[in-house]
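[1] Pasted the sequence and its predicted model underneath.
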Amino acid sequence: MTKTSKILSVLLAGQVGLFLFLQLKSNEPLAAFNKTDPLLTVAVDTVTKIVIDDGEKKTLTLLKKDAAWQLPEHFNFPVATTKIQEVMDKVKDFKKSWPAGKTMIAAKQFKVTPEQFERKVQLFQDDKVLATLYLGTSPGFRQVYARMNEDTQTYAVSFNAHDVPTKASEWYDKKFYSVKVEDVEALQLPTLKIGKKDSVFTIEGTPAGKVADQAKIKGLIDHAAMPTFEDVIEKPAKMDAVLTYTLKSKGEAQPVTYQYFAEVLTDAAKKENKKPENYYLQISKFPTYTFQLRAYAVKEFQDAKVDSFVTEEKKEEPKAPAAEAKPAVSTGEAAASPAHAKEKKG
């Protein structure tokens, strides 16, 4: 065999080897890649429990009960419907983009393994695990690497690990107790009493020449019905009552009572004239919840006084007297020319 023949034989063998290699590769999932394939293969409407782990021993459980989501480890407080719906819609829409990695070595690099992850999201139906999703590092803005537990391939999806926090307060329904302002019939604060007459809010003790400022009253009622709170906690053992008010709304047999408490300060703190940083609220309609608020959220109700919620009464301006009607001019006279009028005079 000549030297040229040997070279050609080697080249042919290399081509055959490359062909066989590509044929074998064609049997891998990558060859059947379809960017429309969903990453999650379970139906999200069958999910009744979600467990989120942040990899730092912080976990959070969301539980679906009677078609509503709640936080079983936080007094069964309701989850914001918009929050859970947004997350589930995004997860459902995850697609298998071109894989960023195909092996578990790559998965480790992207932090999407059982040992290393930014978030591990387990989806359950009752106590059965339907799927486990690992979220890892980010390849870019609003992007995160993701891998399903049963798949070795890692994908980049439009999401953020912080969209599934392990902090309960970030899931709270902050407006869980919504009262329409127009349904409120009375708000009784220690220094301000608001009622309603003919669909108009009134204030007891309104000075002469003043009227209730409807816009300001509606803003106060909106905050009073559900004040901005930071957390839902276990009731502290030592608290002092600092404020109580009631709100009566249409359809309620009795007014709902709101009672605020402050932390009991130590003697040393009292000597330094310190003020409580946190206040606590209990609502008679929801006795199992104790809400933690910052001081500014309570000050609005403590400072509410009549003068702050009234405005000058608008006086009607006297109508101008009607102008005297001028005598009508006959059409014939109005149409007559000066010359014609002169001839008539002569």
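    Received it, and whenever you're ready, just let me know what you need.

[2] can you pull out the strands in the stretch 1-150 of the chain?
    In the stretch 1-150 of the chain, strands defined by DSSP state E, counting those that start in this stretch lie at 49-53, 59-65, 68-71, 77-78, 119-125, 128-135, 143-148, listed in chain order.

[3] Deepest in the core, which of those is it.
    Neighbour counts (mean count of other C-beta atoms under 10 Å) averaged over each of the strands of the stretch 1-150 of the chain peak at strand 143-148, with a mean of 23. All C-beta spots, glycine's among them, are computed from the backbone N, C-alpha and C.

[4] after that one comes which helix or strand?
    Using DSSP states H and E, the helix or strand that follows strand 143-148 in sequence is strand 155-158.

[5] can you pull out the helices in the stretch 1-150 of the chain?
    Secondary structure of the stretch 1-150 of the chain by DSSP state H, counting those that start in this stretch: the helices cover 3-25, 81-92, 104-109.

[6] re the thing from before, compare the strands of the stretch 1-150 of the chain and give me the one nearest T266.
    T266 lies closest, by C-beta to C-beta, to one member of the strands of the stretch 1-150 of the chain: strand 77-78, at 30.3 Å.

[7] For the closest one, name the packing helices and strands.
    strand 68-71 (3 or more C-beta pairs under 8 Å, 6 or more residues apart in numbering; DSSP states H and E).

[8] how far is the strand it packs on from where the chain is centred?
    Computed by C-alpha atoms, centre = their mean, to the nearest Å, the chain-centroid distance of strand 68-71 equals 15 Å.

[9] Strand partners (parallel or antiparallel) of it?
    strand 59-65 (antiparallel), strand 77-78 (antiparallel) (DSSP bridges).

[10] Save those as a markdown table, and put in distance to K111 too.
    Shown next, in a markdown table, are the strands paired with strand 68-71 (distance: least, C-beta to C-beta, whole Å):
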| stretch | distance to K111 |
| --- | --- |
| strand 59-65 | 18 |
| strand 77-78 | 31 |
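
[11] Let's have these in JSON lines, adding mean pLDDT and distance to Q109.
    Compiled in JSON lines, those are given as follows (pLDDT from 0 to 100; distance: least, C-beta to C-beta, whole Å):
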{"stretch": "strand 59-65", "mean pLDDT": "97", "distance to Q109": "25"}
{"stretch": "strand 77-78", "mean pLDDT": "98", "distance to Q109": "38"}
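
[12] And those strands: which comes nearest V256?
    strand 77-78 (17.4 Å).

[13] Just the residues contacting the closest one, thanks.
    Counting contacts by C-beta atoms under 8 Å, 6 or more residues apart in numbering, the residues outside strand 77-78 that touch it are A68, W69, Q70, L71, A168, Y172, D173, F176, V232, Y289.
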